[in-house]
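Asker: what follows is a predicted protein model with its sequence.
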Amino acid sequence: MTVEQYARFRCNGFLVVPKLVSDRDVAELRQHTDDLMQGRLPEQRATMSQRDVEHDNGVTLQGLEAPPADLSPEEKAQYFLRIHMLHRKLELHERYMLHPRVLDVLEVLIGPDVLALQTMLFLKPPGKPGQGWHQDSFYIPTHPDTLCGAWICIDDCDELNGAMWFAKRSGIEPIYPPCPETIYGFGDKLVSDITYVKGVSNDNDEVNMLARVADKYDQVLVSAKAGDVVFFNGHVLHRSKKNFTTDRFRRSFVSHYCNARSFTQWGADIPDGHPTRDALSGVHGMTNSSHILARGDTHLPFAQPKFGTLCAATMPAEQRRQSAEYAARRIAGMNNGLMGCAIADPTMKDEHDEKAKSASNSGGY
């Protein structure tokens, strides 16, 4: 992470880090998605789907179920669009959620303490729809709001196969809350003149009220190559459009994170979650103990990785404390911090005093 990249992320609300994930890792993700789409994963064999793909167009909340066996390979590939939270079911997803090079960047952007919250696998076969303008913190609130997405590109993506678009610099916007009749959504309701919105994530800009906010900003296409990772904060408005191609997928592995010292109540109602046994969760209603401590340390509860992927959560508590104490020592070793002011010394003579004395003796001033 360079100074220029850091500044670009803060300014624009997003950043593409080229080739952060190796070609070997990309090949593993690509083979994994091929196997998943064809129902070849061992975890899929016992869960044949009863879903009517013709009825829902493959855009409802999907699980790990295998596509019906009577479909052709092409039809099986069309069966999926996106699957959530597979890090709670598959070792590979947990491992890529905790990918060391992705976490290295997150330590700079939101760290040093990083909590891993969510995974999504986007497959987006030819012809599948995109997702309309939205802000991720609308769906995953954290307090303080430190949410950050990391979008690992598995296939090269461009305008034709449905790359992401960002409203450049819109990360400074508040989170627009949902209208009362909307089932779900979070927003900054304490902002006095904020607009309540409908149609968030709808790809019809006439319906999606966030499109009016996005129209205030330059809307830029973010093309990416396989192995690139796109980082974006929880406030920046972004969208994707339809995959217009007939022969190209737009696969990506997306995870969401926050600073591990942020409070969240998101994720407890998701099936196969990590149990929340700590007393703090019961008292405060937090769900931090459903999510994995990826880097650093925290005073809040956290979960262990289900498949044992090495991360901060798997470290002994003393080792985590040493890491946190190092940061504390660095801060405590500073001076009083009064905007660069030093402790006053009444006997100190400065350059101005010497000049004034000299001028007075010579009749100046």
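Answerer: Now that the structure is in, tell me what you want to look at.
Asker: all strands in the chain, in order from the N-terminus.
Answerer: Along the chain, counting by DSSP state E, strands occupy 14-17, 82-84, 114-122, 131-134, 148-153, 164-167, 219-222, 229-233, 238-240, 252-259, 292-295.
Asker: strand partners (parallel or antiparallel) of the third one?
Answerer: Right, the one you point to is strand 114-122. Strand 114-122 pairs in its sheet with strand 82-84 (antiparallel), strand 252-259 (antiparallel), strand 292-295 (antiparallel), by DSSP bridges.
Asker: output the lowest mean pLDDT helix or strand found in the protein.
Answerer: None of the helices or strands of the chain scores lower by mean pLDDT, DSSP states H and E than helix 53-56, at a mean of 51.
Asker: coming back round to it: what would the strands paired with strand 114-122 look like in TSV with distance to residue 193, mean neighbour count and mean pLDDT?
Answerer: Placement of C-beta: from N, CA and C, glycine included. Output for the strands paired with strand 114-122, formatted as TSV (distance: least, Cβ to Cβ, whole Å; neighbours: other Cβ atoms under 10 Å; pLDDT from 0 to 100):
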stretch	distance to residue 193	mean neighbour count	mean pLDDT
strand 82-84	34	18	92
strand 252-259	27	26	98
strand 292-295	37	26	97
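Asker: export those to JSON lines and tack on distance to residue 165?
Answerer: Below are the strands paired with strand 114-122 laid out as JSON lines (distance: least, Cβ to Cβ, whole Å):
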{"stretch": "strand 82-84", "distance to residue 165": "17"}
{"stretch": "strand 252-259", "distance to residue 165": "14"}
{"stretch": "strand 292-295", "distance to residue 165": "28"}
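Asker: any low-confidence regions in the chain?
Answerer: Along the chain, the parts satisfying pLDDT under 70 run over 46-61, 269-284, 324-345, 348-365.
Asker: nearest the geometric middle of it, what residue?
Answerer: Centroid-nearest residue in the chain, with Cα atoms, centre = their mean: residue 149, separated by 1.7 Å.
Asker: so what's that one bridging to?
Answerer: residue 232, residue 256.
Asker: confirm for me that it is in contact with residue 252.
Answerer: No. Look at residue 149 against residue 252 with Cβ atoms under 8 Å: they stay out of range, at 10.6 Å.
Asker: now do the buried residues in stretch 70-90.
Answerer: By neighbour count with 16 or more other Cβ atoms under 10 Å, stretch 70-90 contains the buried residues 71, 76-83, 85-90.
Asker: so which of those residues sit within helices?
Answerer: 76-77 (DSSP state H).
Asker: which among the buried residues of stretch 70-90 gets closest to residue 197?
Answerer: Ranked by distance to residue 197 (Cβ to Cβ), the buried residues of stretch 70-90 are led by residue 82 at 22.3 Å.
Asker: from residue 308, how far out is the closest one?
Answerer: Separation of residue 82 from residue 308 (Cβ to Cβ, to the nearest Å): 26 Å.
Asker: and residue 150, by the same measure?
Answerer: When residue 150 is compared with residue 308 (using Cβ to Cβ), they lie 21 Å apart.
Asker: try residue 195
Answerer: In terms of Cβ to Cβ, residue 195 sits 46 Å off from residue 308.
Asker: same check, this time on residue 64
Answerer: Taken as Cβ to Cβ, the span from residue 64 to residue 308 is 20 Å.
Asker: more crowded one of the two?
Answerer: residue 64 (19 against 12; other Cβ atoms under 10 Å).
Asker: my guess is the more buried one contacts residue 83. True?
Answerer: Yes. Counting by Cβ under 8 Å, residue 64 touches residue 83, with 6.7 Å between them.
Asker: quickly list what's touching both of those two.
Answerer: residue 36 (Cβ atoms under 8 Å, 6 or more residues apart in numbering).
Asker: ok, which of the strands paired with strand 114-122 comes nearest residue 265?
Answerer: Ranking the strands paired with strand 114-122 by distance to residue 265, with Cβ to Cβ as the measure, places strand 252-259 first at 12.2 Å.
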